[in-house]
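Asker: Got a sequence here, can you model it:
(chains A and B)
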Amino acid sequence: MRTCAIVFALGVSVVAALFADVNPHSADARCPNPGPNRPDNNQYYHAGGYYQTPSTAGGVYANIQVKQPWVEPSQSDNFSSAWTMLVGPAIIPGNPPYAQVGWDEYPNSGRQNFYTWTDRYGNQAPVIYAGPAFTLNTYHYFTTLYDVNAFGKFSFYIDGGWISTRYLDWQPNEAQLSGEIDTLASQMPGGWGYPDYMNDIAVWYNGGWQRPTLNTFTSNFSYFGVWRWGSGAGQNLAILDQYCQD
Amino acid sequence: MGIRRRAESGHFGPVLSGLGVVCVSKLRLIGLTAAVLVLALVLIGQEGSPQPIALPGVAVRDLECLHMKLLVPDEAPKVSAEQARESAKMGGPFDLPVQHVALARFVEDSPEGPLHDNLVWAVVSGDGTVHQFDGPGGPLRQEERVRTPSFYTYALALVDASTGDLIFGMLGPPSPEYTCP
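Answerer: Next up is the predicted model:
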């Protein structure tokens, strides 16, 4: 009982410390150079939430905060991003097909919106530019839709505006929203004192938009954090890089 | 040829041989007429449909894979090529030296009709080298997923030639493994 109380108290204090100040302390809202100071290992890492739908997934949307995380400049294509995604069953184990839309920060403040997708074998199409950078800390809706009445028809929207429609050869059964980096040396969006927030999260299945409780995931809890709180339309997700403290 | 050989081997050889020559001539004539007709139909068809334009470094497959076409334009632009070059700046890995700018009619097809039909400036950028591109790595919980490195040699931007808005930008070509569904 006492242990439970201590754990609860610790949990409350951690969450309180994390969300005490919604506005970032620093104007940049990013790790100062040299970033999180981890190895430049050219591997992918995630922090986010997912939900496997009981029927074909017809879409996912979330109001995602735009950050400007520190990105390792060793390669011009290194990135740190946040997105929504629909995922299908893998034909090749470990290579599920997906379609996604989100924002993407490249080294030296090259931020923009993007969308991309794969064929059913998980082979990625080109990464498509979907618009210039949004202002730091503003919230924007990133929506990936699937037409359950038209096999393979995916559409991408940003803030309710249609971006593109693609006709692919698979159908989704899972919705995701996540932050992602492609080297451990880059900062996952958000940091202590300035997490990257995602709210108004919805997933389409069983004939309509639903508000399922997301499962949370991170590639490494020592490096990254992911918190989920609230329920229904009030469900929130926050992700951050544990190595980036304000 | 076969007809003639068989005809010459029999008693009525000369007569049948004559008939054979007539048959072959008729067949040739029919064949020739059909070929001329097909050629005429092809030429008429081509005259009616706009021709694709070629962009240096951009293979036809790259666009076809995305159900897109760049065709010979049939109207004049409202914005200049210089303005288009400015609008084509996308930042990040898309920022490469501009190599070629061409006016085109951009058509994007779908089973439900055209998604785009715009007059555009097509701006091709590149630096003559092949860049490895670690694009988004896919879904979470697939940290061990099989990764095939992707590469790009150019950035293609399509700028609406009426408004100056950047309406499409990509890093190409699509990976050879991508099956163009």
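Asker: Could you tell me which residues make contact with residue B:69?
Answerer: Counting by Cβ atoms under 8 Å, 6 or more residues apart in numbering or on different chains, residue B:69 makes contact with B:52, B:63, B:106, B:107, B:108, B:109. Every residue, glycine included, has its C-beta placed from N, CA and C.
Asker: and it, what are its bridge partners?
Answerer: Beta bridges link residue B:69 to residue B:107, judged by DSSP bridges.
Asker: State the distance from it to chain A.
Answerer: 16 Å (Cβ to the nearest Cβ, to the nearest Å).
Asker: Can you give me the pLDDT of that residue?
Answerer: The model reports residue B:69 with a pLDDT of 95.
Asker: Likewise for residue B:145?
Answerer: pLDDT, residue B:145: 65.
Asker: quick one: low-confidence ranges for the chain?
Answerer: By default, I'm working from chain A. Low-confidence segments of chain A (pLDDT under 70): A:1-28, A:246.
Asker: looking at chain B here, not the other one
Answerer: Filtered on pLDDT under 70, chain B yields the residue ranges B:1-27, B:29-48, B:144-148.
Asker: Closest to the centroid, which residue in it?
Answerer: Among the residues of chain B, the one closest to the centroid is residue B:60, at 3.7 Å (Cα atoms, centre = their mean).
Asker: Leaving out sequence neighbours, find the closest residue to that residue.
Answerer: With sequence-adjacent residues excluded and distances taken as Cβ to Cβ, 6 or more residues apart in numbering or on different chains, residue B:60 is closest to residue B:52, at 7.0 Å.
Asker: what does residue A:213 give?
Answerer: Using Cβ to Cβ, 6+ apart, the nearest residue to residue A:213 is residue A:231, at 6.2 Å.
Asker: give me the element the residue positioned nearest the centre of chain A is part of.
Answerer: Among the residues of chain A, the one closest to the centroid is residue A:178, at 2.0 Å (Cα atoms, centre = their mean). Using DSSP states H and E, residue A:178 falls within strand A:174-181.
Asker: is any part of that strand close to chain B?
Answerer: Yes - judged by Cβ under 8 Å from any Cβ of the partner chain, strand A:174-181 comes into contact with chain B at A:174, A:176, A:178, A:180.
Asker: and which of those residues is nearest residue A:127?
Answerer: For the residues of strand A:174-181 next to chain B, the minimum distance to residue A:127 (Cβ to Cβ) is 12.8 Å, reached by residue A:180.
Asker: Quickly list what the closest one is bridged to.
Answerer: Residue A:180 forms beta bridges with residue A:46, residue A:81, as assigned by DSSP bridges.
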